[in-house]
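*Asks:* requesting a structural model of the entry that follows:
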Amino acid sequence: MVVAIVLFVLLAVSVVFNAGSLFQSLTNLQGGGARYAGPRLDEVVIKDNDSHLKIAVIPVEGIITRYDGGSGGNMVDVIKAQFRRAEEDRRVKAILLRVDSPGGEVLASDEIAMAVSDFQSRSGKPVIVSMGGLAASGGYYVSAPARWIVANELTITGSIGVIMQGFNYRGLMDKVGLAPVVYKSGKFKDMLSGSRPPGEVTQEERDMVNALIDETYRKFKSVVADGRKKSHDQNTNDKMDGRALVKDWTDYADGRVFSGKQARDLGFVDELGDFDKAVERTETIAGISGANLIEYRQRHDLADFLGLLGESRANTGSIKLDIGIETPKIEAGRLYFLSPTFLH
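*Replies:* This is a model prediction of the structure:
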C-alpha cells in the first residue's frame with residue numbers, strides 16, 4: 001500500500017508539472033489543434049564534460065527501414081531531424097554516427113547516406129562513424145560518405161551488394177488443390193508472383209530483374225568510391241593518416257563480409273578502435289577537446305500513447321509470438337542492402 005501511495009503521488013506531481021503538455025495533447029485528440037508533423041526531439045547529455053561545446057551522437061541501429069511500427073516516426077525521418085538539430089546548433093561541432101546495423105531497405109539507406117553527405121557540405125562539420133558489432137551492407141552504405149570511419153577489430157562489415165528475394169509457393173498450392181486465377185494488363189505484370197510455376201519464369205524476366213539489381217549495385221559502389229575518395233583527400237590535406245581504398249577494392253565488393261581489421265587493410269575503414277577512440281578522433285578532426293556528448297531522443301506525448309492504445313484495440317485479432325528476437329520485415333519484390341545472414 002505504501003508503494004502504491006508513493007507511486008500515486010509521483011504520478012500526480014508528474015501530471016501537475018506536465019499539465020500544459022497534457023492539455024495540448026487532449027486538445028489535439030479532440031480536433032481542437034494541429035499536431036506537430038515530424039519527430040519531436042529532446043536534447044539529452046550522455047557525457048557531461050562541463051563544456052559549452054558538443055558532439056552529437058546519432059545512432060543507426062537495427063534494420064534500416066522507413067517502417068515506423070506505429071511509433072510516430074520512422075528511422076529515416078528521425079535521423080534527418082537529428083542532423084537538422086545538429087546543423088542549427090552552433091555549439092555542436094561534429095556528429096558521431098554510431099552504426100550497429102545489418103543494413104536494410106535500399107531507399108532508406110540512400111536517404112541516410114545523402115543526409116550524411118549533405119550535412120557535411122552545408123555545415124562544414126565532420127561526421128565520424130563508430131562501428132559497433134555489425135555495420136554491414138546498408139550499415140556500411142550509410143557510413144561511406146563520412147569523414148572518418150572507426151571500426152572495432154572484430155566488427156563485421158562489408159557485404160557490399162544488393163539482394164531481392166521472394167518465395168515460390170506454387171508447388172504447395174498444387175498439393176492442396178489451389179489454382180491461381182490471374183488477369184493482367186501486360187505480360188510482365190506478374191513476373192514476381194510466387195504463384196507461378198518456376199518453369200514459366202522466362203530468361204527475359206530474369207534479365208530484367210538482374211538489370212535492376214545491377215543498377216542499384218553500381219550505385220552502391222559509386223557511393224563507396226566517392227565517399228572514401230573525398231574523405232581521404234580531406235584527411236590528406238589535413239595531414240591525417242586515413243586509409244585509401246586499395247586499387248582492386250571492387251574485387252572484394254562481391255557481398256563478402258570483413259572483420260574490422262580486414263576492412264582497414266582494404267581501405268574501407270580508417271582506424272581500429274572502440275567508441276572512446278572514435279570520440280577522441282572526432283575531437284581531433286573538429287579541433288576541440290573535452291566536449292559534451294549529447295543525443296537527440298524522440299519525445300512522445302499522451303496523444304501518441306493513446307493512439308497506440310487505439311491501434312492495439314484495432315488489432316485485437318492478431319497474435320504476436322515473442323521468441324526473444326525481432327526478425328526484420330523483409331518484403332518480396334523490394335530491394336535491400338542487407339547482409340544475407342539475416343535472411344535465413
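*Asks:* bridging residues for the residue nearest to the spatial centre of the chain?
*Replies:* In the chain, the C-alpha nearest the mean C-alpha coordinate belongs to I64, at 3.5 Å (Cα atoms, centre = their mean). Here I64 sits in beta bridges with G104, as judged by DSSP bridges.
*Asks:* how about the contacts made by it?
*Replies:* Neighbour list for I64: 75-76, 101, 103-105, 108-109, 112, 138-139, 142, 337 [criterion: Cβ atoms under 8 Å, 6 or more residues apart in numbering]. Glycine gets a C-beta too; all of them are placed from N, C-alpha and C.
*Asks:* distance from the chain centre to the longest helix anywhere in the chain, please.
*Replies:* Across the chain, the longest stretch assigned as helix under DSSP state H is helix 203-237. Relative to its chain's centre, helix 203-237 lies at 18 Å (Cα atoms, centre = their mean, to the nearest Å).
*Asks:* in it, what counts as buried?
*Replies:* 205, 213, 216-217, 220, 223-224, 227-228, 230-232, 234-235 (16 or more other Cβ atoms under 10 Å).
*Asks:* from W148, how far out is the residue nearest to the centre of the chain?
*Replies:* Distance, I64 to W148, by Cβ to Cβ, to the nearest Å: 21 Å.
*Asks:* which residues of the stretch 151-300 of the chain score low on pLDDT?
*Replies:* The stretch 151-300 of the chain contains residues with pLDDT under 70 at 300.
*Asks:* which stretches of it form strands?
*Replies:* Here the stretch 151-300 of the chain has its strands, by DSSP state E, counting those that start in this stretch, at 156-158, 257-259, 271-272, 292-298.
*Asks:* which other helices and strands contact the second one?
*Replies:* Counting contacts by 3 or more Cβ pairs under 8 Å, 6 or more residues apart in numbering; DSSP states H and E, strand 257-259 is packed against strand 156-158.
*Asks:* correct me if wrong: G227 contacts P145.
*Replies:* Yes. Using Cβ atoms under 8 Å, G227 is in contact with P145, at 4.0 Å.
*Asks:* what touches both of those two?
*Replies:* What both G227 and P145 touch, as defined by Cβ under 8 Å, 6+ apart, is the set 113, 117.
*Asks:* grab the nearest non-local neighbour of S259.
*Replies:* L154 (6.1 Å; Cβ to Cβ, 6 or more residues apart in numbering).
*Asks:* any idea which helix or strand carries I46?
*Replies:* strand 41-47 (DSSP states H and E).
*Asks:* in that strand, what's buried?
*Replies:* Quick answer for strand 41-47 (16+ other Cβ under 10 Å): L41.
*Asks:* kindly report the same for stretch 263-275.
*Replies:* Residues 263-264, 266-273, 275 are the ones in stretch 263-275 that count as buried (16+ other Cβ under 10 Å).
*Asks:* same question for stretch 87-97.
*Replies:* 87, 92-97.
*Asks:* TSV for the residues you listed, including distance to S193, pLDDT and secondary structure?
*Replies:* Shown next, in TSV, are the buried residues of stretch 87-97 (distance: Cβ to Cβ, whole Å; pLDDT from 0 to 100; DSSP: H, G, I helix; E, B strand; the rest coil):
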residue	distance to S193	pLDDT	secondary structure
E87	45	97	helix
V92	49	97	strand
K93	52	98	strand
A94	49	98	strand
I95	43	98	strand
L96	45	98	strand
L97	39	98	strand
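*Asks:* for those, which one is nearest G132?
*Replies:* Nearest to G132 out of the buried residues of stretch 87-97 is L97 (Cβ to Cβ; 10.9 Å).
*Asks:* which non-adjacent residue is nearest that closest one?
*Replies:* V129 (4.8 Å).
*Asks:* can you tell me the SS state at the one you found?
*Replies:* strand (DSSP: H, G, I helix; E, B strand; the rest coil).
*Asks:* got a list of what it touches?
*Replies:* 96-99, 135, 143, 146, 148-150, 278.
*Asks:* beta partners of it?
*Replies:* Here V129 sits in beta bridges with L97, I149, going by DSSP bridges.
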